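Engineer: Turn this into a structure:
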Amino acid sequence: MKATTTEYVVKNGKRTAVILPIGEYEELLQDLDDLAMIALRKNEPTIPLAEVKRLLKKNGALRERVRHCREVYR
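Structural biologist: I've put the predicted structure just below:
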């Protein structure tokens, strides 16, 4: 995250709320959403990376993506 100015709302000498720049707030929401998805999927079976690569190569998706990246980054 970028260095930003965070403001606090203080009542009776105690912080009761925070004011964040909208970009920082949106990043926090995205992080929260990512963490929720991780929690939901934590018990799903995993597939080794080598197997994923093999399957992607078999259906042509990996080869196509590599070709696309080469074109984009030339």
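Engineer: can you list the domain ranges for the protein.
Structural biologist: For the chain, automatic domain parsing gives the domain ranges 1-43, 45-74.
Engineer: Put together TSV for those domains, with mean neighbour count and mean pLDDT on each row.
Structural biologist: Heads up, the C-betas are built off the backbone N, CA and C, glycines and all. Shown next, in TSV, are those (neighbours: other Cβ atoms under 10 Å; pLDDT from 0 to 100):
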stretch	mean neighbour count	mean pLDDT
domain 1-43	10	92
domain 45-74	10	78
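Engineer: same for the lengthiest helix in the chain, what does it pack against?
Structural biologist: Identified as the longest helix of the chain according to DSSP state H is helix 22-41. Packing contacts for helix 22-41, counted by 3 or more Cβ pairs under 8 Å, 6 or more residues apart in numbering; DSSP states H and E, involve no helix or strand.
Engineer: Moving C-terminal from it, which element do we reach first?
Structural biologist: Sequence order places helix 49-59 as the next helix or strand after helix 22-41, per DSSP states H and E.
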